[in-house]
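> Would you be able to build a 3D model of this:
(4 chains)
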Protein chains: 2
Amino acid sequence: MYKRKIPVDLSCPLRLTISLIDSKWKSCILDELRHTRMRPSELHKALPEATPRVLDLQLKEMVNDGLVTKTIYPELPPRSEYSISPLGATLIPIIDAMLRWGEEHQELFEKKYRDPE
Amino acid sequence: MYKRKIPVDLSCPLRLTISLIDSKWKSCILDELRHTRMRPSELHKALPEATPRVLDLQLKEMVNDGLVTKTIYPELPPRSEYSISPLGATLIPIIDAMLRWGEEHQELFEKKYRDPE
DNA sequence: TCATGTACTGAATTATTTTTCCATATACCC
DNA sequence: GGGTATATGGAAAAATAATTCAGTACATGA
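Model (predicted):
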């Protein structure tokens, strides 16, 4: 896991929240896990544009931050599952609001940024 | 403005929304501008940890994205003001929710990540 | 004249994130 | 044996974001 040289300023509530979800995939991961627990391979099928590697890295951070819970089943072949934690679940209203905002303004931005000028 | 080699996937509503506010300072800028228009130097006083340079860069992106409006007064010495646009204002509920979440969980994360282990 | 403030920008450097590729280990099926 | 699938992770490269520093240009006030 990347060890920041410049730590996040936890005293700023806005930046604390942003820092927990501001990667390319974390909000999508929370959205996927909001209803069902998933195995890494299932998550990759749900988010095919994210490589398994980046999902693995971001899940690890989210587990470390306490947003996601990981269960390892001691089986062969290996099996593990990720689920949203109670803390992570408190972020769902924010994820929801972002999802709705995106849906409402998607057309605007597709129009605006389609076709490279 | 940075020209991405890998464009944002606008068809994913969540990633669209995230991409507009996921920098280190954009959510703070929106929070500052939510009530009053501000000059660049005032914004820098309000967010002293952000260099004028990074505020300038991010404001430019936000103007380009339509979240912020810039007014230039043709005076000497130069004067300009930034204000939140109607589109930007629709993000305020999300900023608000993130702000509240951060306030509620600040102590938890300060406890968790204080003192490097 | 010199320092200060105002808005802005170029360029180089550093910091961080994401991608890509490869490797481990095990079991199942053909 | 060879292909598939499972979960995970090291290492390096590429992409992106943020910082630092210097410089433009003009006005005001000491």
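> and for stretch A:80-94, what are the contacting residues?
Applying C-beta atoms under 8 Å, 6 or more residues apart in numbering or on different chains, the contact partners of stretch A:80-94 are A:17, A:20-21, A:30, A:33-34, A:37-40, A:43, A:59, A:62-63, A:66-73, B:94, B:97-98, B:101, B:104-105, B:108. Using the backbone N, CA and C atoms, a C-beta is placed for each residue, glycine as well.
> Now list the buried members of these.
Buried subset of the contacts of stretch A:80-94 (neighbour count, 16 or more other C-beta atoms under 10 Å in any protein chain shown): A:17, A:20-21, A:30, A:33, A:38, A:40, A:43, A:59, A:62, A:66-69, B:94, B:97-98, B:101, B:105.
> what does the model give the residue nearest in space to the middle of chain A for pLDDT?
For chain A, the residue nearest the mean C-alpha position is A:Lys26 (1.7 Å; C-alpha atoms, centre = their mean). What the model reports as pLDDT for A:Lys26 is 97.
> OK, contacts around it?
A:Leu20, A:Gln58, A:Glu61, A:Met62.
> which one is the third one nearest to, not counting chain neighbours?
What it means is A:Glu61. Spatial nearest neighbour of A:Glu61, excluding adjacent residues (C-beta to C-beta, 6 or more residues apart in numbering or on different chains): A:Met1 at 6.2 Å.
> Contacts only, for that neighbour.
Counted by C-beta under 8 Å, 6+ apart, A:Met1 has contacts A:Leu57, A:Lys60, A:Glu61, A:Asn64.
> for the record, mean pLDDT for the longest helix seen in chain A?
The residue-count maximum for a helix in chain A (DSSP state H) belongs to helix A:92-113. On average, the pLDDT along helix A:92-113 is 95.
> quick one: the closest residue to A:Leu57 other than its chain neighbours and A:Val68, what's the gap?
The shortest distance from A:Leu57 to any non-neighbouring residue, by C-beta to C-beta, 6+ apart, is to A:Met1 (7.5 Å). According to C-beta to C-beta, to the nearest Å, A:Met1 and A:Val68 sit 14 Å apart.
> quick one on the thing from earlier: filter the contacts of stretch A:80-94 down to the ones close to DNA strand D.
A:Arg39, A:Pro40, A:Lys70, A:Ile72 (C-beta under 7 Å from any atom of the strand).
> In terms of pLDDT, where does the second one sit?
The one in question is A:Pro40. For A:Pro40, pLDDT reads 95.
> One more: the third one?
What the model reports as pLDDT for A:Lys70 is 96.
> Could I get the phi/psi values of it?
Backbone geometry at A:Lys70, expressed as degrees, to the nearest 10, gives phi -110, psi 130.
> Then the first one?
The phi and psi torsions at A:Arg39 (degrees, to the nearest 10) take the values phi -80, psi 160.
> tell me the secondary structure for the closest residue to A:Asp65 other than its chain neighbours?
The shortest distance from A:Asp65 to any non-neighbouring residue, by C-beta to C-beta, 6+ apart, is to A:Leu20 (5.7 Å). Following DSSP: H, G, I helix; E, B strand; the rest coil, we place A:Leu20 in the helix state.
> can I assume A:Leu20 is in contact with A:Asn64?
No - using C-beta atoms under 8 Å as the test, A:Leu20 is too far from A:Asn64 to be in contact (10.7 Å).
> Residues of chain A that sit close to DNA strand C?
So chain A meets DNA strand C at A:2, A:4-6, A:23-25, A:49-51, A:53-54, A:57-58, A:76-78 (C-beta under 7 Å from any atom of the strand).
> Which of those residues fall in helices?
A:Arg53, A:Val54, A:Leu57, A:Gln58.
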